[in-house]
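Enquirer: take a look and give me a structure for this.
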Amino acid sequence: MDEPITPDQQFPARYWHVLQDGRIQCDLCPRDCKLHDGQRGACFVRARAGDSMVLTTYGRSSGFCIDPIEKKPLYHFYPGSSVLSFGTAGCNLACKFCQNWDISKSRSFDKLMDRASPEAIAQCAVQHDCRSVAFTYNDPVIFAEYAIDVADACHARGIKTVAVTAGYINAQARKDFFAGMDAANVDLKGFTEAFYLKQTGSHLQPVLETLQYLKHETEVWLELTTLLIPGLNDSIEELEKMCRWIHDALGTGVPLHFTAFHPDYKLDDIPSTPLETLIQARKIALDCGLQYVYTGNVHHREGDTTLCHTCGNIAIERDWYEIKRYELTTEGCCKHCNASIPGCFGAFSGQFGRQRMPVRIGI
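Expert: Numbers count the residues shown, from 1 in each chain. Take a look at the predicted model:
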């Protein structure tokens, strides 16, 4: 039995239509959930109430925290800056390896302790000198209406916006959602349909379409993340195929982050990803011609460091989320050879570092 939909959870949703049999179909993502009155979609947070669709988590969050932008991870988007991060509950994927499963798989609104209007979130970012606001922890696609309104409020105050997402979204919603984003880190979870279907309950092709859309039809700064799970998506053949596709479809300058898996949720019987696997994956990507490839969730300074693709000198040296050397001009050019590094840069006047600062926001 679905959890009852209370009056305070009935914010009007977009992206739906009525079917001939009277059910309502949600058109937000490729799941195309078809609902009777009172039913919730697979994401849990989009539901049918009477003769319309509602978003049950509008204005409600599982918490707010100020992070370094490198934690998203975004390495070419205003390095060293701080970002106000938040999420809600639910998810439209069913990843067996979810690292935030207590939030994304939540079927209870007890997780949603903080309430905040879009304007309050933007104001909080201004007060704490955050360069951007990130929609993260769970996939912001499922709370698109809320994220879009927050993005509008942030842009009115000069604050950038970031989506951390799996990119599982239909074409019209994709256009509206990313119109409000300045940057996105998209999880490319693997590169076979079998992996997507068995391990995430979704499909690969819609994600590839999102990536191509972002790169070729928007100004959104794009970075990719792939969590390498031993024995499931880390074969040399699959990694080579994925990196060649990125090279051909997205270009050589899109940063790619290979991150380490840690046993969690439904895959707690699989060991953590060895550092050697990440180093090998990084070499494969570099050999395929990708220029900016990083390692994450492990301590590996070489894999954290940005090298100029032209002269090979250090552009940004990192240790975890701390920047040790910054060798870029305000315009994002290498100080050694003046080559332009792809990304969004500005004056570097310090860094937020490895802090993690929870904050509370009231409506």
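
Enquirer: helix, strand, or coil at Val186?
Expert: Look at Val186: counting by DSSP: H, G, I helix; E, B strand; the rest coil, its state is strand.

Enquirer: how far away is the spatially closest residue to it that is not a sequence neighbour from Pro30?
Expert: Leaving aside its sequence neighbours, Val186 sits nearest to Gly167 (Cβ to Cβ, 6 or more residues apart in numbering; 4.4 Å). Glycine gets a C-beta too; all of them are placed from N, C-alpha and C. Noted for Gly167: a distance of 11 Å to Pro30, by Cβ to Cβ, to the nearest Å.

Enquirer: quick revisit: what about the residue nearest to Val186, how many neighbours?
Expert: 26 (other Cβ atoms under 10 Å).

Enquirer: who's in contact with it?
Expert: Neighbouring residues of Gly167 by Cβ atoms under 8 Å, 6 or more residues apart in numbering: 141, 184, 186-187, 206-207, 210-211, 214.

Enquirer: switch the cut-off to 6 Å
Expert: Gly167 sits next to 186, 207, 210 when contact means Cβ atoms under 6 Å, 6 or more residues apart in numbering.

Enquirer: closest to Gln199 among those?
Expert: Gln199 has its nearest neighbour among the contacts of Gly167 in Val207, at 13.2 Å by Cβ to Cβ.

Enquirer: and that closest one, that's in a helix?
Expert: Yes: secondary structure assignment places Val207 in a helix (three-state DSSP).

Enquirer: give me the nearest residue to it, chain neighbours excluded.
Expert: Gly167 (4.7 Å).

Enquirer: which secondary structure element is home to that neighbour?
Expert: Applying DSSP states H and E as the criterion places Gly167 outside every helix and strand.

Enquirer: isn't Asn233 right up against Phe195?
Expert: Yes: assessed by Cβ atoms under 6 Å, Asn233 is found in contact with Phe195 at 5.3 Å.

Enquirer: residue nearest the centroid of this protein?
Expert: Val164 (1.3 Å; Cα atoms, centre = their mean).

Enquirer: measure that one to Asp187 for me?
Expert: According to Cβ to Cβ, Val164 stands 8 Å off from Asp187.

Enquirer: helices of the stretch 51-200 of the chain, start to end?
Expert: All helices of the stretch 51-200 of the chain, identified by DSSP state H, counting those that start in this stretch, fall at 101-104, 118-127, 144-156, 171-178, 193-195.

Enquirer: could you say which of these is packed most deeply?
Expert: Counting by mean count of other Cβ atoms under 10 Å, helix 144-156 has the highest mean neighbour count of these, with a mean of 21.

Enquirer: so which elements touch it?
Expert: Where contact means 3 or more Cβ pairs under 6 Å, 6 or more residues apart in numbering; DSSP states H and E, helix 144-156 is packed against helix 118-127.

Enquirer: pull the distance from the helix it packs on to the chain's centre.
Expert: With Cα atoms, centre = their mean, to the nearest Å as the basis, helix 118-127 stands 20 Å off its chain's centre.

Enquirer: tell me the mean pLDDT over it?
Expert: Throughout helix 118-127, pLDDT has a mean value of 97.

Enquirer: give me the number of residues near the nearest residue to Pro30 once chain neighbours are set aside?
Expert: Nearest residue to Pro30 in three dimensions, chain neighbours excluded: Pro206, at 4.8 Å (Cβ to Cβ, 6+ apart). By other Cβ under 10 Å, 20 other residues sit near Pro206.

Enquirer: also the one 4 residues further on?
Expert: Residues within reach of Thr210, counting by other Cβ under 10 Å, total 25.

Enquirer: is Lys34 bridged to anything, and to what?
Expert: When assigned by DSSP bridges, Lys34 has beta-bridge partners Gln25.

Enquirer: how about Cys130, what does it touch?
Expert: 82-84.

Enquirer: okay, the residues you listed in JSON lines with pLDDT next?
Expert: Conversion of these to JSON lines gives the following (pLDDT from 0 to 100):
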{"residue": "Ser82", "pLDDT": "97"}
{"residue": "Val83", "pLDDT": "98"}
{"residue": "Leu84", "pLDDT": "98"}
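
Enquirer: considering those residues, which possesses the most neighbours?
Expert: Val83 (28 neighbours).

Enquirer: surely that one is in contact with Pro68?
Expert: No: Val83 is beyond contact range of Pro68, at 7.4 Å (criterion: Cβ under 6 Å).

Enquirer: helix/strand/coil for Glu317?
Expert: strand.

Enquirer: contacting residues for it?
Expert: Glu317 neighbours (Cβ under 6 Å, 6+ apart): 305, 324-325.

Enquirer: same thing with Leu250?
Expert: Lys215.

Enquirer: which residues sit in contact with Thr330?
Expert: Shown in contact with Thr330 (Cβ under 6 Å, 6+ apart): Ala347.

Enquirer: show me what contacts the nearest residue to Cys124 once chain neighbours are set aside?
Expert: Residue nearest to Cys124 in three dimensions, not counting chain neighbours: Ile361, with 5.1 Å by Cβ to Cβ, 6+ apart. Counting by Cβ under 6 Å, 6+ apart, Ile361 touches 64, 116, 120, 124.

Enquirer: which pLDDT value belongs to Ile361?
Expert: Predicted confidence (pLDDT) for Ile361: 85.
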